[in-house]
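>>> need a 3D model of the following:
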Amino acid sequence: MHIGNGSGTQQGFTYIGVLFLVVLMGLALAGTGQLWSLGSLRAKERELLWVGTQYAQALRSYYRSSPGVALYPQRLEDLLEDPRFPQVHRHLRRLYPDPMTGSHDWGLILSVDGRIAGVYSRLQTKPLMQAHFPAQWSEFEHMNSYRDWQFVAEKSFLTH
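Below you'll find the predicted structure:
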């Protein structure tokens, strides 16, 4: 008959305790990752609102500063250096990528003559942000997709 000191049982409990601790740490890290992901998405949404506003203001500026007949640009690049003026005339500092996709491939809202009157993200995911938008974009409330956030120079170009 063997009488042990119970060290095998104690090692088993220690092993189970360590496994339990590893599982808890994994769950905590997963939760932290989810919070970080949500925070990152909220930051991208804020950046999309800022960038979209920059494009809308630049398109409005281009239209309003037209010599002669008021027109929107044919290309987004025309906002960087307006080809209608002999001296450098800028409406936008640089072409910004879509914060949601990281791409410069914006969806374009065209005026009746085929010129660019607004931009939108091509991402079809439902936004986290559903309320409390800046006043000029209040129509974005309860939209089903980032594509629905249409940043236009003039509200009459919204396609609802």
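>>> centre-most residue in the chain?
The centre of the chain sits closest to residue 100, judged by Cα atoms, centre = their mean, with a distance of 3.5 Å.
>>> so it: helix, strand or coil?
Judged by DSSP: H, G, I helix; E, B strand; the rest coil, the three-state class of residue 100 is coil.
>>> how long is stretch 67-76 from one end to the other?
Terminal residues of stretch 67-76 lie 18 Å apart, using Cα to Cα, to the nearest Å.
>>> would you mind measuring from residue 39 to residue 50?
From residue 39 across to residue 50, the span is 17 Å (Cβ to Cβ, to the nearest Å). The way it works is simple: take the backbone N, C-alpha and C, and place the C-beta from them, glycine included.
>>> who's in contact with the residue nearest to the centre of the chain?
Residue 100 is in contact with 44, 45, 48, 121, 123, 125, 146, counting by Cβ atoms under 8 Å, 6 or more residues apart in numbering.
>>> just the buried residues from the residues you listed, in ChimeraX please.
In ChimeraX, a selection of the buried entries from these looks like this (16 or more other Cβ atoms under 10 Å):
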select :44,45,48,121,123,146
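>>> any chance of the contacts of residue 100 in TSV, with distance to residue 70 and pLDDT too?
As requested, these are exported to TSV (distance: Cβ to Cβ, whole Å; pLDDT from 0 to 100):
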residue	distance to residue 70	pLDDT
44	33	95
45	32	96
48	27	97
121	27	98
123	31	95
125	35	94
146	29	96
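>>> as a markdown table, the contacts of residue 100 with secondary structure and distance to residue 114 would be great.
Below are the contacts of residue 100 laid out as a markdown table (DSSP: H, G, I helix; E, B strand; the rest coil; distance: Cβ to Cβ, whole Å):
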| residue | secondary structure | distance to residue 114 |
| --- | --- | --- |
| 44 | helix | 30 |
| 45 | helix | 30 |
| 48 | helix | 25 |
| 121 | coil | 21 |
| 123 | coil | 24 |
| 125 | coil | 29 |
| 146 | helix | 24 |
